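# Requesting a structural model of the entry that follows:
(one chain, ligands or ions: 2)
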Amino acid sequence: MNPFRYSDPIPVEDLVDREVERQEMIDLAWSANNARLAAPRRYGKTSLLKATLAKAADEGWTTVYVDFFGVLDLTDIASRIETAYSEQLTGRLRQWFTSLRRTLRPVARVGGGPVSLEVSTSAGPGDPLTERLNLPLRLHERDGRRVLVAFDEFQDVLTAANADAIIRSQIQHHGTAASYIFAGSQVGMMEELFADKRRAFYAQARPVALPPLSALDLGEFIAGRFTATGKDVGVGLGPLLDTAAGHPQRAMLLAHELWTVTPSGSAADEEAWVSALAVALAATREEAKTIWTHLSGAERQVLTAVAENRAGLYSTASGSSRGGSRQRAAQSLVAASEITLDPNTRTGYRVVDPLLAEWLRLGRPTQ
Ligand SMILES: Nc1ncnc2c1ncn2[C@@H]1O[C@H](COP(=O)(O)OP(=O)(O)OP(=O)(O)O)[C@@H](O)[C@H]1O
Ligand SMILES: [Mg+2]
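Residues are numbered from 1 along each chain as shown. Ligands and ions are numbered 1, 2, ... in the order given. The predicted structure is shown next:
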């Protein structure tokens, strides 16, 4: 079986590095602080959250993982929280929750869509969302264990009017009973939630960064998995590490494809690498096209200039009149996590997804 997984969150034994970040989040929880993990798409946020919760559980915490992806309103938020507790508590806590759940004001019809129950935006004490937000207090009262809650895709709560203020108004009273980790891939929206003075979560959680993986860690992991499955990564390793540029999911995708084209008992050669890269590019082309389609003209110019590492990002052939729009385009590409600051390039940025960058450099082929 191919030892490289490139989709879905991965189990802790497949996780390269990230020990520092995991410990940092656990330390923050022990000191009754909250953390926020903002990183681009597919950088391993969910995998790391789950690994962190697993370690915290070993250290005696009760843990809950809530995914807010796609929530539309306060009712959705309330029912996501409730479902998370009902699915993840174990043993006696699970039975206790089965009973407790029946005492909560309902937000969803059993087995069906949401009922039209209004979750009031004032969020009073008997409010369905408030009751669910305060579940960590009930848990903590029951057995004295502290509760670590991970809120994944947290930027999606911005879709629901006033949700961040309501969530904050409750969890700020949780003291040492509960700590929170907020994670999200829209770096711009996470900034808006946590770094904007006008928002409820301003300065409420310590940022934890997720940098690209180092070539050393990736190289050791990839070479090791080849060896363990009777193959040799051979001369494929160098170009793979260069192309992936530390992007966790892209590195695994490339390793997966390289492993596939390498026959059992032999080493990957130049030809194997070329065909693995071609397969990976083909697999990501539709996604690249979709991103491209949704960009403005100025954003396309900037993204391509960054991919090609061209000097003079803000100067245009027709003079400097478009410089301002290019700067705004660069800012919006940063907010969307398509590009990120990188002092080692001529433009001062790099494209976050190395396969998108490759597609741009290849002249944006449609097939
Ligand atoms: N530390 C890591 N070591 C090895 N592979 C990793 C690591 N981090 C991420 N990956 C790769 O990235 C893929 C996606 O991981 P995960 O779903 O945890 O990321 P995410 O940031 O939550 O993604 P999304 O933005 O889609 O929610 C995994 O299947 C794996 O291939
Ligand atoms: Mg995720």
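# in terms of contact, does residue 158 touch residue 182 like I think?
No - in this structure residue 158 lies outside contact range of residue 182 using C-beta atoms under 8 Å: 12.0 Å. (Glycine included, C-beta is placed from N, CA and C.)
# So the two - more neighbours on which side?
residue 182 (27 against 18; other C-beta atoms under 10 Å).
# now that one: how far from ligand 1?
13 Å (C-beta to the nearest ligand atom, to the nearest Å).
# And residue 217, by the same measure?
For residue 217 relative to ligand 1 (C-beta to the nearest ligand atom), the value is 8 Å.
# before we move on, the earlier item: could you name every residue contacting both of residue 158 and residue 182?
residue 193 (C-beta atoms under 8 Å, 6 or more residues apart in numbering).
# ok, now how distant is the closest residue in space to residue 24 that isn't next to it in sequence from residue 93?
Once flanking residues are discounted, residue 24 sits nearest to residue 208: 5.5 Å by C-beta to C-beta, 6 or more residues apart in numbering. As judged by C-beta to C-beta, to the nearest Å, residue 208 and residue 93 stand 28 Å apart.
# what about those two, which has more around it?
residue 208 (20 against 17).
# need the contact list for that one.
Taking C-beta under 8 Å, 6+ apart as the test, what residue 208 contacts is 21, 24-25, 28, 35-37.
# Now do the contacts for the residue in the stretch 51-200 of the chain positioned nearest to ligand 2.
Sorted by distance to ligand 2 under C-beta to the ion, the residues of the stretch 51-200 of the chain start with residue 152, at 5.9 Å. Contact analysis of residue 152 by C-beta under 8 Å, 6+ apart lists 45-46, 49, 65-69, 183-184.
# So which of those belong to helices?
45-46, 49 (DSSP state H).
# and which of these is nearest to ligand 2?
The closest of the ones in helices among the contacts of residue 152, once distances to ligand 2 are taken by C-beta to the ion, is residue 46, at 3.2 Å.
# Tell me who's in contact with the nearest residue to the closest one once chain neighbours are set aside.
Once flanking residues are discounted, residue 46 sits nearest to residue 9: 4.1 Å by C-beta to C-beta, 6+ apart. By C-beta under 8 Å, 6+ apart, the contact list for residue 9 reads 46-47, 50.
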